[in-house]
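Novice: Sequence first, predicted coordinates after that:
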Amino acid sequence: MVNVMQAQAAEISSPPSTMPAVAQLCTSCHGAQGQGIDIIGPRLAGLSAEYIANQLTLFHAGKRQNPTMLAMAATVQGDNIAVVSQYFSQQAVADIPLQFRGDKVVISHPFEALAFQGDWSRTIPACTSCHGPSGVGGGQFPRLAGQQASYLKTQLLAWQNGTRSGDVDNMMGNIALKLTAAEIDGLSQYFANLK
Amino acid sequence: MKLLSLLTVGVLFSLPLQANELSIDVAPGLAPVNAATTLPDRQAALPSMDKKADDIYLQPAPLAAIPQGAFGDKVRLGYQLFVNTQQLRDKYVGNQLNCVNCHMNAGQQANSSPLWAAYFAYPAYRKKNDKVNSFQERIQGCFTYSMNGKAPAENSPELVAISAYSYWLGMSGLMDQYKVTGPVPELSDVELVKGGKRDDFSMPAAIAKNLDITALSQLPGRGFPKAPQPELAYSPERGLVVYQAHCQACHGENGQGQIIAGVAALPPLWGPQSFNWGAGMHRVNTAADFIYENMPLGKSVQLTPQQAWDVAAYLNSFDRPQDPRFNGDVSKTQAAYHQHQGYYGQSVAGKPVLGAESHPVFPLKN
C-alpha cells in the first residue's frame, strides 16, 4: 500500500510532458490535460488509470452508453487502452483541503451530510466511504471532487435508468436508485464545488 | 444458556482484558509473563441473536441534538473517534481500521453491533477473564484486538468519550421511544465508563417501567444476528469464489482494502493492517454473522448463508497480526485461546501454519 501511495505521488509530481498520439483524439472534448470541458466532456485528470481503462471497456461492451463516446472509445483498443488511461490519470488536479469522515459531527448542509454520513434508514452509505475523503477517489472509485455537476448528474441518472452499468453487484446502480431527484442535483453540485 | 447469553451480550469483536494487565509490546517468540494473559479461554462462541421480523429498533436522536457544553463535547469526541479512529494511530491503534468499519453508521445501525445496545449490556461478568467487565474495559478490548493497538488507560478521555457517545445514543433513543422529554441526563465520567447494566444506574421512570435491566441488556438489534447455518461445512476454497465475485471490488484482490489519501476508505481484511488473532472477527462464525447481515456495503446483493460462511472462512484463512496473548508457542496459544471456529494454529491449503509467521502486534506506522 505504501508503495502504491508513493507511486501515485511520484506520478503526480512529474506528469508526462508528451501526449501519446492515441490520446490526441480525446482532447477536443476532455481538454489537453484531461481537465474536462463542461457539458462536452468530463474531467479525466484525477481518475485512476484502472478506472479509465475499465470505463473504456464498458463503452466497448455497451454497458455505458453515450453516442459520442461509443465512437470515440472504439478508436482506443488493445494496448492503447492502457496508454490513454495512464496519460490522463497522470495529469494533475489541484490540491483541495481534504475533509475526512468524522471531521464534522453536525453537518447542516443536507447533501454534505449525505456525502459524509449517508442515510442508513435507506441503506445508503456515505459516498466518502468508498470514494474517499472529500470524494477524491482511488482505484475503481472515481474522483467526484471537482467533477462537473452536469456530468455527475447525468451519470447518477444513467445508473438509475440502467443505461450505465458494469460495476460489481450493480453497487452504484443500487445506491442511485435510492436517491431522489433533489439528492442527485444536490450531491452533484456539492461534489462539483469541491475544488 | 440464558445466563450465558446474558453474560456475553454485546461482545463482538475482541476479548477484553485490562490494558494494564497486558504486555502489548511482546515480540513474537517472547512469552508475556502475566496472569491475565494465561487464563484459559473459557468463553463460549461469541453471541449472536436470532433476528425477528417484528423487531423494532431503537432510533437515537440526530447528532445535531447533542447538547452544547462539556458533556456534549465528550459525546461529539466519541463520535469522531469512532468514525475516524485513525486519529489515534500509533497512540492506541496499530492498524488501518476504524471502529465504523464493523459498526455501520457510526455505531448506530441495528444488527451491526450498535453502541446503543452494547452500552446497556455492561457491566457484565465474563468468564473470559473471570471478572466483571465494565463498558470501558470492553472498549479497551477493541483497541487491543480489533484495532491491533494498545488500550487507552482506564478513565482516559478517549474511553470516556466513546462511553459518552454510546450512552447518549442509547438514552436518547430510549427517551424518544418512551416519550421522556427534556435533555439526556448527563452522567459523570466515572458513571459513564461503567455502562448501563447495573442496579444503581439512573434510568427515567417511564423507561424503567417498560424495560427491566435484562430487557435493556438485550435490546433488539444488538450484536450481529445469527447467520443461518450453511448447508455445507464452510470452505475457504469456495470462499475465494465468493470473494472474487462480491468483495474484491472494494477490499482488493489481496484483501488490503482501498487506501485513499493515506487512509483506508475500505478496510483491509487480513494482513498486517487488519485486526489481530485475538479479535472476535477472526472467528468464522462471527465474521459470517457480520457479513451476512451487513455486506456488501449498501446491500446491492444479499449473499446466501453459504456464501457468507465460505467467504468468512476465506478471509480468516490468511495470516494477520499475532494474538496479543501469544505465549511463545503457536500450538499452546491455540490450545489456550482458539478452541473455536477459526484457523489460528492451522495450515490452510498447504500454506504455513497461521500464527507461526504472524505480523507484529501494535507496530508503529513508519
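Specialist: Now that the structure is in, tell me what you want to look at. Just so we're clear, the structure is a prediction, and the values are computed from it rather than from any experiment.
Novice: helices or strands up against the helix or strand containing residue B:118?
Specialist: Element membership for residue B:118 (DSSP states H and E) is helix B:115-119. Where contact means 3 or more C-beta pairs under 8 Å, 6 or more residues apart in numbering or on different chains; DSSP states H and E, helix B:115-119 is packed against helix B:135-141, helix B:157-177. All C-beta spots, glycine's among them, are computed from the backbone N, C-alpha and C.
Novice: Which positions in the stretch 201-350 of chain B make contact with chain A?
Specialist: For the stretch 201-350 of chain B, the residues in contact with chain A (C-beta under 8 Å from any C-beta of the partner chain) are B:245-246, B:248-250, B:252, B:256, B:258-263, B:265-266, B:273, B:296-301.
Novice: filter those residues to the buried ones?
Specialist: B:246, B:248-250, B:252, B:256, B:258-260, B:263, B:265-266, B:273, B:296-300 (16 or more other C-beta atoms under 10 Å in any protein chain shown).
Novice: can you tell me which of those are in helices?
Specialist: Those of these mapping onto helices are B:248, B:249, B:250, per DSSP state H.
Novice: Now do the contacts for the second one.
Specialist: Remark: with contacts taken as C-beta atoms under 8 Å, 6 or more residues apart in numbering or on different chains, residue B:249 is in contact with A:140, A:167, A:168, A:169, A:171.
Novice: check the residues you listed against chain B, which are close?
Specialist: A:140, A:167, A:168, A:169, A:171.
Novice: Between these, identify the one with the most neighbours.
Specialist: residue A:171 (23 neighbours; other C-beta atoms under 10 Å in any protein chain shown).
Novice: Check what pLDDT the closest residue to that residue other than its chain neighbours gets.
Specialist: Leaving aside its chain neighbours, residue A:171 sits nearest to residue B:300 (4.9 Å; criterion: C-beta to C-beta, 6 or more residues apart in numbering or on different chains). Looking at residue B:300, its pLDDT reads 91.
Novice: Return the member of the helices and strands packed on helix B:115-119 having the minimum mean pLDDT.
Specialist: helix B:135-141 - the lowest mean pLDDT of the helices and strands packed on helix B:115-119, at a mean of 93.
Novice: Just the helices from the stretch 1-150 of chain B, written as ranges.
Specialist: B:2-8, B:70-83, B:104-107, B:115-119, B:135-141 (DSSP state H, counting those that start in this stretch).
Novice: Start and end of stretch A:134-143, how far apart?
Specialist: End-to-end distance for stretch A:134-143: 9 Å, by C-alpha to C-alpha, to the nearest Å.
Novice: and that stretch, how far from the chain's centre?
Specialist: 6 Å (C-alpha atoms, centre = their mean, to the nearest Å).
Novice: what residues does that stretch touch?
Specialist: Under C-beta under 8 Å, 6+ apart, the answer for stretch A:134-143 is A:43, A:46-48, A:50-51, A:54, A:93, A:96-99, A:115, A:127-128, A:130-132, A:144-145, A:167, A:191, A:194, B:249, B:252, B:258-261, B:265.
Novice: circling back to that earlier point, between the helices and strands packed on helix B:115-119, which one is closest to chain A.
Specialist: Closest approach to chain A among the helices and strands packed on helix B:115-119 is made by helix B:157-177 (9.8 Å; C-beta to the nearest C-beta).
Novice: Centre of the chain to that closest one, how far?
Specialist: Per C-alpha atoms, centre = their mean, the centroid offset for helix B:157-177 relative to its chain is 17 Å.
Novice: pLDDT (mean, whole number) over the helix or strand following it?
Specialist: Downstream of helix B:157-177, the next assigned helix or strand under DSSP H and E is helix B:189-192. Taken as a whole, helix B:189-192 carries a mean pLDDT of 97.
Novice: Could you give the number of residues near residue A:72?
Specialist: Count around residue A:72 with other C-beta under 10 Å applied: 18.
Novice: So which residue is smack in the middle of chain A?
Specialist: The residue lying closest to the centre of chain A (C-alpha atoms, centre = their mean) is residue A:142, at 3.1 Å.
Novice: can you list the domains in chain B?
Specialist: B:63-217, B:236-354 (the TED database).
Novice: I'd like those as TSV, with distance to residue A:61 appended.
Specialist: Output for the domains of chain B, formatted as TSV (distance: least, C-beta to C-beta, whole Å):
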stretch	distance to residue A:61
domain B:63-217	33
domain B:236-354	17
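Novice: In chain A, mark out all the helices, start to finish.
Specialist: Under DSSP H, chain A gives helices at A:2-13, A:27-30, A:49-61, A:67-74, A:79-89, A:110-117, A:128-131, A:149-161, A:171-178, A:181-192.
Novice: Distance from the second one to the middle of the chain?
Specialist: The chain centre lies 16 Å from the centre of helix A:27-30; the measure is C-alpha atoms, centre = their mean.
Novice: what's in contact with that helix?
Specialist: A:19, A:34, A:36, A:37, A:40, A:41, A:42, A:43, A:44, A:68, A:72, A:88.
Novice: just stretch A:46-57 next, same as before
Specialist: Under C-beta under 8 Å, 6+ apart, the answer for stretch A:46-57 is A:44, A:64, A:73, A:76, A:81-82, A:84-86, A:88-91, A:93, A:136-143, A:145-146, A:166.
Novice: what do you get for stretch B:264-272?
Specialist: Residues contacting stretch B:264-272 (C-beta under 8 Å, 6+ apart): A:128-133, A:138, A:141, B:86, B:95-98, B:101, B:247, B:250-252, B:254-259, B:273-274, B:315-316, B:318-321, B:359-360, B:363.
Novice: Narrow these to those that are buried.
Specialist: A:128-133, A:138, A:141, B:86, B:95-98, B:101, B:247, B:250-252, B:255-259, B:273-274, B:315-316, B:318-321, B:359-360, B:363.
Novice: Number of residues surrounding the closest residue to residue B:241 other than its chain neighbours?
Specialist: Counting by C-beta to C-beta, 6+ apart, residue B:310 is the residue found nearest to residue B:241 once chain neighbours are left out, at 7.9 Å. Other residues within reach of residue B:310, judged by other C-beta under 10 Å, total 27.
Novice: residues in contact with the nearest residue to residue A:162 once chain neighbours are set aside?
Specialist: Nearest residue to residue A:162, sequence neighbours excluded (C-beta to C-beta, 6+ apart): residue A:173, at 6.9 Å. Residues near residue A:173 by C-beta under 8 Å, 6+ apart: A:159, A:160, A:162, A:164, A:165, A:167, B:300.
Novice: count of residues packed around the closest residue to residue A:194 other than its chain neighbours?
Specialist: Distance criterion C-beta to C-beta, 6+ apart; nearest residue to residue A:194, sequence neighbours excluded, is residue A:145 at 3.9 Å. For residue A:145, the number of neighbouring residues by other C-beta under 10 Å comes to 25.
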